[in-house]
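Participant: sequence and predicted structure, then a few things I'm wondering about:
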Amino acid sequence: MTPPIQTWRGGLKASLMGLPSLLAGFLRNRRVLAASITTFIHSFCNWVVPAFFPLLAHGLGFSEVIIGLSLTANALVMALSLPLIGRLSDRVGRFLPIAIGLSISVVGFGVLPMARETWELLLLMALIGLEGSLVFPVSQAAIMEALPDEERGAGAGLWGAILSLGGALGLLTTSIVVSVSSLELAFQFLAVSTLIGVAVVALMRRHL
């Protein structure tokens, strides 16, 4: 009987050796590619929110309490709408929720630097939370259903890797934009980036 540690090592070695061809196969799958692009766009912009939104809101004159309430509204809307959106996408398809979500994000990021009233800030952050619900689970579902059962674990890993990569690059890029311009311009940059993403996703509509 092969010792468990040797079995584990053998499985790990085989997985590492087969990783390049597996990734290449994933990216040749147009549906996986379209969902991966969607995931990247979402995390590129939305991971910026916890880091830079408090700075933006403070610069706009909002108190720490209002900033905290706005982040709470963002998280609560996402938590409450995730199950509903996931079920809805099972019925209407993946493209429509993703397209609506990214479009909401364009408006949210573009208008956020112009917020002057508390209700405006709360509403915009709630909308950005809704965008997360429309894109976050739906892109993962699109990847999962495009793969056979034996590759879904690897597909989930790919989705997580792209999510993290998009978030990391979004934070880095936004930091650079802020350093050479302003927080307000950085959020406008995120709006434009998401708008480009909407166009790309629209071009790949038939694959979602």
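Facilitator: Yep, it's here.
Participant: spit out the contact partners of Ala156.
Facilitator: Ala156 sits next to 140, 143-144 when contact means Cβ atoms under 8 Å, 6 or more residues apart in numbering. C-beta here means a position set from N, CA and C on the backbone, and glycine is covered the same way.
Participant: make TSV from those residues and add neighbour count, secondary structure and pLDDT to it.
Facilitator: Formatted as TSV, the contacts of Ala156 follow (neighbours: other Cβ atoms under 10 Å; DSSP: H, G, I helix; E, B strand; the rest coil; pLDDT from 0 to 100):
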residue	neighbour count	secondary structure	pLDDT
Gln140	20	helix	87
Ile143	25	helix	87
Met144	16	helix	86
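Participant: all helices for the protein, in order.
Facilitator: Listed in chain order, the helices of the chain (DSSP state H) span 4-28, 30-46, 48-59, 64-92, 95-111, 118-145, 152-180, 183-203.
Participant: deepest-packed of these, please.
Facilitator: Using mean count of other Cβ atoms under 10 Å, the stretch among those with the greatest mean number of neighbours is helix 30-46 (a mean of 23).
Participant: center of the chain, which residue is that?
Facilitator: Among the residues of the chain, His42 comes closest to the average C-alpha position under Cα atoms, centre = their mean, at 2.8 Å.
Participant: setting aside sequence neighbours, what's the nearest residue to it?
Facilitator: The shortest distance from His42 to any non-neighbouring residue, by Cβ to Cβ, 6 or more residues apart in numbering, is to Val135 (4.5 Å).
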